[in-house]
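Asker: here are the coordinates; sequence isn't available:
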């Protein structure tokens, strides 16, 4: 005998189909798997959406804090709106010191 008989091939083919049919999930099994996947998806969204809202809220609050802090720092910086200095000396551009280039720490003679 040089090969398998047609009966043996037919039996093998039938066994293979029966094995595939045995391993196929039932209609209830497929439905249960789909319901399980849907429940896991919904539960994960129930957790993820509030986390996303929380992180977005924190990011917006940090951004607003930075903008307000920068605005206050600009306002309180020297010559800002809220500088608070009352005795700011204004140097007259036509004065003697401005013309000679000397500052307030040296005398007019340059001897210090």
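Answerer: That came through, no problem. If you're wondering where the values come from, they're calculated on a predicted model, not measured in any experiment. Numbers count the residues shown, from 1 in each chain.
Asker: Residue 23 versus residue 14, what's the distance?
Answerer: If you measure residue 14 against residue 23 using Cβ to Cβ, to the nearest Å, the figure is 15 Å. Placement of C-beta: from N, CA and C, glycine included.
Asker: Check residue 91 too.
Answerer: 95 Å.
Asker: And those two? Which one has more around it.
Answerer: residue 91 (10 against 7; other Cβ atoms under 10 Å).
Asker: what about that one, which SS state?
Answerer: coil (DSSP: H, G, I helix; E, B strand; the rest coil).
Asker: Quick check: phi and psi at it.
Answerer: Note on residue 91: its backbone torsions stand at phi -90, psi 130 [degrees, to the nearest 10].
Asker: Same question for the one 3 residues further on.
Answerer: Here the main-chain torsion angles of residue 94 (degrees, to the nearest 10) amount to phi -100, psi 10.
Asker: do the same with residue 78
Answerer: phi -50, psi 130.
Asker: oh, and call the first residue 41 from now on, that's how I've got it
Answerer: In the new numbering, first residue 41, that becomes residue 118.
Asker: What is the neighbour count of it?
Answerer: Neighbours of residue 118 (other Cβ under 10 Å): 7.
Asker: Quick check: it vs residue 91, distance?
Answerer: Taking Cβ to Cβ, one finds residue 118 at 44 Å from residue 91.
Asker: And residue 108, by the same measure?
Answerer: 26 Å.
Asker: swap in residue 73?
Answerer: Counting by Cβ to Cβ - residue 73 and residue 91 are separated by 27 Å.
Asker: Poorly predicted segments of the chain, please.
Answerer: The chain contains residues with pLDDT under 70 at 41-43, 121, 124-128, 136-152.
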